[in-house]
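Asker: Curious how this folds, go ahead:
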Amino acid sequence: MRADAARNLDAVLLTGARLLAQDPGTTMAAIAAEAGVDRRTVYRRFANREALLSAVYAAKLDASEAVLDAARLTEAPVAIALHGYVESIIPVSRRWPLGIRRMMKEDREADQRAEAQRERLEAFLRRAAREGLIRQDLPPGWARALLGSMIDNMAHVFVDIEPGPAADLVVASFLHGVG
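Answerer: As a prediction, the model looks like this:
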């Protein structure tokens with residue numbers, strides 16, 4: 001792919017993710033205009049909004065997978081792996097703001113990939129519980145849901161906090177509470 005074509009594709013995907021997160025009814029023409037490309041450029045690459053959504057989901061899942069791999073959830077000490085994961089996933093969430101729940105409704109393949117990633121995180125959190133860093137008596141999925149909410153808030157509400165300090169705050173709050 002030529003460099004300008006790659007830049008255009010990246011601009012369309014990022015703009016599509018941002019605009020569709022704000023308004024699921026955003027048109028392809030609006031995405032093209034905001035991305036600074038011709039509408040025909042978008043339609044050459046994506047037949048319709050669903051195809052664009054699938055590409056956005058794939059890009060977000062690819063980025064999330066890379067974060068899970070880099071965090072070394074099965075090898076690194078739990079606190080270090082947790083911090084690495086949180087610090088790296090916040091920018092991914094900011095870059096690709098389209099929510100996972102939307103993916104699950106729209107794209108079966110994306111849903112399967114997201115489920116595999118959730119299971120990796122669940123396995124890590126079970127390890128954290130076995131090693132005594134989080135409570136073992138929590139309802140299934142609670143720790144992952146709480147962590148996900150904290151990350152989401154840090155990524156989209158507290159946008160002025162850089163990923164490193166944001167991860168410090170999320171991990172401290174997650175492991176020790178706010179009391």
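Asker: only C-alpha atoms for contact and neighbour calcs from this point on.
Answerer: OK.
Asker: tell me which element Ala76 is part of?
Answerer: Ala76 is part of no helix or strand when elements are defined by DSSP states H and E.
Asker: after the helix or strand of the chain with the lowest mean pLDDT, next one along is what?
Answerer: Least confident element among the helices and strands of the chain, by mean pLDDT, DSSP states H and E: helix 100-106 (a mean of 63). Downstream of helix 100-106, the next assigned helix or strand under DSSP H and E is helix 108-130.
Asker: I'd like the mean pLDDT over that next one, please.
Answerer: If you average the pLDDT over helix 108-130, you get 93.
Asker: List of residues touching it?
Answerer: 54, 57-58, 61, 64-65, 68, 73-74, 78, 100, 103-105, 134-136, 141, 143-144 (CA atoms under 8 Å, 6 or more residues apart in numbering).
Asker: moving C-terminal of it, what's the next helix or strand?
Answerer: In N-to-C order, the element after helix 108-130 by DSSP H and E is helix 142-156.
Asker: Counting neighbours, what do you get for Ala123?
Answerer: For Ala123, the neighbour count with other CA atoms under 10 Å is 14.
Asker: Repeat that for His176.
Answerer: Other residues near His176 number 11, with proximity taken as other CA under 10 Å.
Asker: circling back: weed out the non-buried ones from the contacts of helix 108-130.
Answerer: Buried residues within the contacts of helix 108-130, defined by neighbour count using 16 or more other CA atoms under 10 Å: 54, 57-58, 61, 64-65, 68, 73, 78, 100, 103-104, 134, 136, 143-144.
Asker: how about those, which pair is most distant?
Answerer: The largest separation in the buried ones among the contacts of helix 108-130, counting by CA to CA, is between Ser54 and Gln136 at 36.5 Å.
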